[in-house]
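Visitor: A structural model of the following input is requested.
(one chain, ligands or ions: 2)
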Amino acid sequence: MSASTAGAAMHLTLHVWRQKGPKDAGRMVQYPARDISPDMSFLEMLDTVNERLVESGDEPIAFDHDCREGICGSCGLMINGSAHGPMKLTTACQLHMRSFKDGDSIWIEPWRAKAFPVIKDLVVDRGAFDRIIQAGGFISAPTGTPQDANGLPIAKADADLAMDNAACIGCGACVAACPNASASLFTAAKISHLGALPQGQPERKRRAKAMVERMDLEGFGGCTLFGECQEACPKGISLDAIMQMNRDYVLASATAVEEKVHADSA
Ligand code: SF4
Ligand code: FES
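Guide: Numbering: from 1, shown residues only. Ligands and ions are numbered 1, 2, ... in the order given. Reported below is the predicted structural model:
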């Protein structure tokens with residue numbers, strides 16, 4: 001897709017998923033998006049279309065957004081079949097219209113996954129991610145004061161790994177891009193982030209087991225390592241996180257079996 005000519009207004013045709021509510025069947029609806037500046041963000045383009053819909057008495061297109069800076073993870077949109085659109089390592093809110101060209105048709109849909117039911121139009125319920133975090137994506141062991149944290153040496157490689165995985169913004173693009181609708185990359189990023197730090201060690205096994213089991217309970221698909229998640233992730237989370245999650249989960253499950261055998265024979 002070639003970039004638009006700098007400064008020249010673009011005339012586009014949008015095909016947008018409209019769905020009144022969770023029980024509505026939903027359908028694609030066509031809208032003109034005329035006089036769009038290449039310097040607008042994708043969400044500003046949707047704002048412009050919405051202003052025109054409101055002016056003409058139509059209902060605006062519902063879509064999620066908050067920070068518009070690529071940090072909150074709210075702006076989940078499937079754009080021309082790609083999660084967050086055509087630019088690598090870019091959230092929908094950081095995507096600019098210069099990535100499209102005058103006359104383009106753009107297809108905009110919500111994330112498609114059983115565990116992310118559509119609330120309205122392009123807005124899906126990502127509460128399943130919150131429940132995975134609630135299952136164990138935290139450290140409850142006493143970690144001391146800020147001075148204690150500063151006084152605890154952490155190997156550079158471990159600190160880098162933790163920071164890389166902490167970059168996950170919980171957007172859900174990995175689920176939307178996965179043919180199995182698996183949440184493994186998200187869950188693995190959270191598990192691997194905390195598991196790389198000394199403060200995360202006391203709960204490491206319990207955390208991995210509880211979060212993976214919650215992920216399965218929420219109705220996400222199984223991971224078969226297609227790698228589409230890694231390609232779609234706007235924060236560059238690596239499949240390596242999934243390998244680490246699987247190792248932690250197997251170890252945690254084996255420990256749980258061993259503890260049960262000991263308890264039964266006591
Ligand atoms: Fe989004 Fe990447 Fe986190 Fe998945 S792993 S939720 S794609 S930031
Ligand atoms: Fe916050 Fe896009 S609106 S990441």
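Visitor: every contact and neighbour count from this point should use C-alpha atoms.
Guide: Will do.
Visitor: what distance do you get for residue 96 to residue 37?
Guide: 9 Å (CA to CA, to the nearest Å).
Visitor: need the strands for this protein, in chain order.
Guide: Across the chain, reading from the start of the chain, the strands by DSSP state E fall at 10-18, 27-36, 78-79, 82-83, 105-109, 118-120, 123-124.
Visitor: any chance of those strands in JSON lines, plus mean neighbour count and mean pLDDT?
Guide: As requested, the strands of the chain are exported to JSON lines (neighbours: other CA atoms under 10 Å; pLDDT from 0 to 100):
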{"stretch": "strand 10-18", "mean neighbour count": "19", "mean pLDDT": "98"}
{"stretch": "strand 27-36", "mean neighbour count": "16", "mean pLDDT": "98"}
{"stretch": "strand 78-79", "mean neighbour count": "21", "mean pLDDT": "98"}
{"stretch": "strand 82-83", "mean neighbour count": "26", "mean pLDDT": "98"}
{"stretch": "strand 105-109", "mean neighbour count": "21", "mean pLDDT": "98"}
{"stretch": "strand 118-120", "mean neighbour count": "21", "mean pLDDT": "98"}
{"stretch": "strand 123-124", "mean neighbour count": "24", "mean pLDDT": "98"}
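Visitor: poorly predicted segments of the stretch 51-200 of the chain, please.
Guide: Along the stretch 51-200 of the chain, segments meeting pLDDT under 70 are nowhere present.
Visitor: show me which residues of it sit near ligand 2.
Guide: Residues of the stretch 51-200 of the chain lying close to ligand 2 (CA under 6 Å from any ligand atom) are 65-75, 91-93.
Visitor: next, format those residues as JSON lines and append distance to ligand 1.
Guide: Shown next, in JSON lines, are those (distance: CA to the nearest ligand atom, whole Å):
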{"residue": "65", "distance to ligand 1": "14"}
{"residue": "66", "distance to ligand 1": "15"}
{"residue": "67", "distance to ligand 1": "14"}
{"residue": "68", "distance to ligand 1": "15"}
{"residue": "69", "distance to ligand 1": "13"}
{"residue": "70", "distance to ligand 1": "10"}
{"residue": "71", "distance to ligand 1": "9"}
{"residue": "72", "distance to ligand 1": "10"}
{"residue": "73", "distance to ligand 1": "7"}
{"residue": "74", "distance to ligand 1": "10"}
{"residue": "75", "distance to ligand 1": "10"}
{"residue": "91", "distance to ligand 1": "9"}
{"residue": "92", "distance to ligand 1": "11"}
{"residue": "93", "distance to ligand 1": "13"}
